[in-house]
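J.: only the shape, not the letters, is given here:
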């Protein structure tokens, strides 16, 4: 089991799919999760239906599997089909629910509630109107983590929906379960706000 509380910063990089580049065919997402100096810690891959990716797009049901370098699953994130607001459930390596991410209505900006296993709001992720690529994680009124979409290069930005996120955490304020949820949140933000049919959308 990788102790995420050892890493104040992680880079989540979506892998480029050639079918998406040349044909616009929506493929299952894949991500590498690394330290800033390039050491690979985890790999995440999407499990979903081909038809749902093409027709339901960013509203599709899916499971994201997070595995270590030996291929061992360390946690998962799962959601069902939704009309308006996604709800992503995060489970540990034993399949036990540790929390979830509920997207909320917000006229300007973005809001995601972080809920405990009982469904009680634990903290909140806020994305501002004038900083659309930055998401702050607040707990008890203080910012404890930040997720930032980084510039991926002209080619990736124009021709793919493959994104890169920087995840920073205050290690004095987060435990292993909370760090796991924050890492899952980076991928949830990519799915909700930066996939091709919803790139940069505010709602």
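T.: Here it is on my side, so go on. Treat the numbers as computed from the prediction; the structure is a model and nothing was measured. Numbers count the residues shown, from 1 in each chain.
J.: how far away from the center of its chain is whichever strand or helix holds residue 42?
T.: Residue 42 is part of strand 40-47, with elements assigned from DSSP states H and E. Taking C-alpha atoms, centre = their mean, to the nearest Å, the mean C-alpha location of strand 40-47 is offset from the chain mean by 11 Å.
J.: packing partners for that strand?
T.: Helices and strands touching strand 40-47, as assessed by 3 or more C-beta pairs under 8 Å, 6 or more residues apart in numbering; DSSP states H and E, comprise strand 30-34, strand 62-67. Any C-beta I mention is one placed from the backbone N, CA and C, and that applies to glycine too.
J.: contacting residues for residue 61?
T.: 48, 49, 52, 79, 80, 81 (C-beta atoms under 8 Å, 6 or more residues apart in numbering).
J.: what ranges do the strands span in this structure?
T.: Assigned strands in the chain, in chain order: 9-14, 30-34, 40-47, 62-67, 73-79, 87-92, 97-104, 110-115, 121-127, 134-139, 142-150, 164-169 (criterion: DSSP state E).
J.: for those, give me TSV that also has mean pLDDT and distance to residue 177.
T.: Putting the strands of the chain into TSV (pLDDT from 0 to 100; distance: least, C-beta to C-beta, whole Å) gives the following:
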stretch	mean pLDDT	distance to residue 177
strand 9-14	96	16
strand 30-34	95	17
strand 40-47	96	16
strand 62-67	98	13
strand 73-79	97	9
strand 87-92	98	7
strand 97-104	98	5
strand 110-115	97	11
strand 121-127	96	10
strand 134-139	97	13
strand 142-150	96	13
strand 164-169	96	13
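J.: same list, the ones you listed, but as CSV with distance to residue 176 and mean neighbour count please.
T.: What follows is those, written out as CSV (distance: least, C-beta to C-beta, whole Å; neighbours: other C-beta atoms under 10 Å):
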stretch, distance to residue 176, mean neighbour count
strand 9-14, 14, 19
strand 30-34, 15, 19
strand 40-47, 13, 17
strand 62-67, 13, 19
strand 73-79, 10, 20
strand 87-92, 9, 20
strand 97-104, 9, 19
strand 110-115, 15, 20
strand 121-127, 15, 18
strand 134-139, 15, 19
strand 142-150, 13, 18
strand 164-169, 11, 21
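J.: make a markdown table out of the ones you listed and add distance to residue 182.
T.: A markdown table is the format used below for the strands of the chain (distance: least, C-beta to C-beta, whole Å):
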| stretch | distance to residue 182 |
| --- | --- |
| strand 9-14 | 9 |
| strand 30-34 | 12 |
| strand 40-47 | 13 |
| strand 62-67 | 13 |
| strand 73-79 | 12 |
| strand 87-92 | 10 |
| strand 97-104 | 10 |
| strand 110-115 | 8 |
| strand 121-127 | 9 |
| strand 134-139 | 6 |
| strand 142-150 | 5 |
| strand 164-169 | 6 |
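J.: residues in contact with stretch 38-50?
T.: For stretch 38-50, contacts defined as C-beta under 8 Å, 6+ apart pick out 2, 7, 10, 12, 28-35, 60-69, 74, 187.
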